[in-house]
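Undergrad: Test case, fold it:
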Amino acid sequence: MEYGLIGGRLGHSYSKPIHEALAGYDYRLCPLPTPEEAHAFMRARDFKAINVTIPYKELVMPYCDVIDDAARAIGSVNTIVNKNGRLEGHNTDFAGFTCLLRRNGISLRGKTVMLLGTGGTQKTVLAVARAEGAAQAVLVSRRRAGNAITYEEAARRADVQVIVNTSPVGMYPNNGECLVALENYPRLEAVLDVIYNPFRTALLQQAEARGLPAVNGMLMLVAQAKYAAEHFLGRALPHRPGAARKAVQSGPGGHARQRQKQPGKSLRQAAGQALCGYGRRSGGTHRRAHQQHPFPGQ
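TA: Residues are numbered from 1 along each chain as shown. Here you go, the predicted structure:
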C-alpha cells in the first residue's frame, strides 16, 4: 500500500473518494480490527503515507521517528509520512476542527464546552478548545477515568454551552445511538459531532429539534484530508471546489453500491463547501493554527 487509511473498522469512511478526488493517487482502506494487527502494520512500515483513525491515533505515536510539535503536545497523530523508512507524524485534525468552527460561525471563547469521548480525537478537540479560549472543558466518558466524568454526572452539568461528540457513538452502522439528553442543558448554544456518516446523528437530530446549530464532521473530514494530502505529497494542492462533492456522491469507500444509503443533497453540498476556499490558503491556515498556539499537554 502506498497511500491509505488504517483504523479499527472503516466501512463508514469517505476518505478514499475524497483523497483520490483531491490528489489523484490510489488511496486504500486498511481495516485493522485488533491492536495486534495495528502494531504489526506499523512495524512493517510498508507504506508511503497513511492517515490514522479510531482507535489508533495514540497507538501509532511510538513508531514515529519524528512527531511535529503540535501533534506531540496534543498527544494524537492522524497523519504519517514515510520518508525513506523514517516515519514523520502529524496532526491535521486540529486544523480540520478549527475550520469546522470558523466556517459555521461557532465561538468557544469564554464558553463551557463538553467533550464526549476519551480518544485521540478528543485530545485534538480539547487542544482546539483551549486555543480558542474556552473557559472550561468538561470531559465525559462511559467510565470515570482521569479528568473525565461519567455520562450520569455530565447530565447534571446544566452550565454546558457547547457539546462536541468526539466518540464513535452514533456512527454507522449504529445509527440512532446517543448517550446524551439535551434537555439537561438549558444554556446550550451549539452541538457538533465529528461523525459524518450518518450525516445527521441522533445527537444532532436532538439539537435540530431544539432549534440549535447542529454541525456534523464532514467539513472537518475534507479539510483535514486536504492538509494530510499536502503532507503526503510535500506540496500545496490546487483549488478544486467540485472535487469533494463528486467524491462523496460515490459513497463510503468510494463505491457506488453500498448497504448504506447514498448521501443526500445536503451531504454533497456539505462536502463541496468543505473544500471550497481551502485550495489556495489551506497550507497557510494549517501552519498558522499550529504555530500560534503552544498547546498544553494532557
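Undergrad: Every contact and neighbour count from this point should use C-alpha atoms.
TA: OK.
Undergrad: how much space is there between the closest residue to D159 other than its chain neighbours and K111?
TA: Spatial nearest neighbour of D159, excluding adjacent residues (CA to CA, 6 or more residues apart in numbering): R187 at 6.1 Å. Plainly put, R187 is 10 Å away from K111 if you go by CA to CA, to the nearest Å.
Undergrad: intersection of neighbour lists for those two?
TA: Listed as contacting both R187 and K111 by CA atoms under 8 Å, 6 or more residues apart in numbering are V160, Q161.
Undergrad: okay, these two: which has more neighbours?
TA: Just comparing R187 and K111: by other CA atoms under 10 Å the higher neighbour count belongs to K111, 19 against 14.
Undergrad: which stretches of the stretch 151-298 of the chain have low pLDDT?
TA: Residues of the stretch 151-298 of the chain meeting the criterion pLDDT under 70: 239-298.
Undergrad: re the thing from before, so the residue nearest to D159 sits right up against Q161, yeah?
TA: Yes - counting by CA atoms under 8 Å, Q161 is a contact partner of R187 at 5.4 Å.
Undergrad: Could you tell me which residues make contact with the residue nearest to D159?
TA: With CA under 8 Å, 6+ apart, R187 has these contacts: A158, D159, V160, Q161.
Undergrad: Helix, strand or coil: sort out it for me.
TA: Following DSSP: H, G, I helix; E, B strand; the rest coil, we place R187 in the coil state.
Undergrad: related to what we said a few turns ago, looking at neighbours, which among the contacts of R187 is most surrounded?
TA: Going by other CA under 10 Å, V160 tops those with 23 neighbours.
Undergrad: where exactly do the strands run in the stretch 101-250 of the chain?
TA: Assigned by DSSP state E, counting those that start in this stretch, the strands in the stretch 101-250 of the chain fall at 112-116, 136-141, 149-150, 162-165, 190-193, 214-215.
Undergrad: I'd like those strands as TSV, with distance to A71 and mean neighbour count appended.
TA: Converted to TSV, the strands of the stretch 101-250 of the chain look like this (distance: least, CA to CA, whole Å; neighbours: other CA atoms under 10 Å):
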stretch	distance to A71	mean neighbour count
strand 112-116	19	24
strand 136-141	19	20
strand 149-150	25	16
strand 162-165	20	24
strand 190-193	21	24
strand 214-215	25	24
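Undergrad: can you redo the ones you listed as JSON lines with distance to E37?
TA: Formatted as JSON lines, the strands of the stretch 101-250 of the chain follow (distance: least, CA to CA, whole Å):
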{"stretch": "strand 112-116", "distance to E37": "27"}
{"stretch": "strand 136-141", "distance to E37": "26"}
{"stretch": "strand 149-150", "distance to E37": "30"}
{"stretch": "strand 162-165", "distance to E37": "27"}
{"stretch": "strand 190-193", "distance to E37": "28"}
{"stretch": "strand 214-215", "distance to E37": "33"}
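Undergrad: what about P62, neighbour count?
TA: 11.
Undergrad: Now do G133 against S107, distance only.
TA: Noted for G133: a distance of 9 Å to S107, by CA to CA.
Undergrad: what do you get for T34?
TA: Distance, T34 to S107, by CA to CA: 38 Å.
Undergrad: now Y56
TA: From Y56 across to S107, the span is 29 Å (CA to CA).
Undergrad: who has more neighbours, those two?
TA: Each of Y56 and S107 has its neighbours counted (other CA under 10 Å); Y56 has more, 22 against 16.
Undergrad: can you give me phi and psi for the more buried one?
TA: With angles defined as degrees, to the nearest 10, Y56 sits at phi -110, psi 10.
Undergrad: before we move on, the earlier item: okay, and the common contacts of R187 and Q161?
TA: Joint contacts of R187 and Q161 (CA under 8 Å, 6+ apart) do not exist.
Undergrad: So what sits opposite A148 in the bridge?
TA: A145 (DSSP bridges).
Undergrad: quick one: it and S141 touch, right?
TA: Yes - here A148 reaches S141: they are 5.9 Å apart, a contact under CA under 8 Å.
Undergrad: who touches both of those two?
TA: Contact criterion CA under 8 Å, 6+ apart; residues shared by A148 and S141: T118.
Undergrad: for the closest residue to R86 other than its chain neighbours, what are its contacts?
TA: Of all residues not flanking R86 in the chain, D65 sits nearest, at 6.0 Å (CA to CA, 6+ apart). For D65, the contact set (CA under 8 Å, 6+ apart) comprises R86, L87, E88, G89.
Undergrad: Inside strands: which ones of the residues you listed?
TA: R86, L87, E88, G89 (DSSP state E).
Undergrad: which of the residues you listed are buried?
TA: With burial judged by 16 or more other CA atoms under 10 Å, the buried subset of those is L87, E88, G89.
Undergrad: How about stretch 37-56, which residues are buried there?
TA: Buried residues in stretch 37-56, counted by 16+ other CA under 10 Å: 38, 41-42, 47-56.
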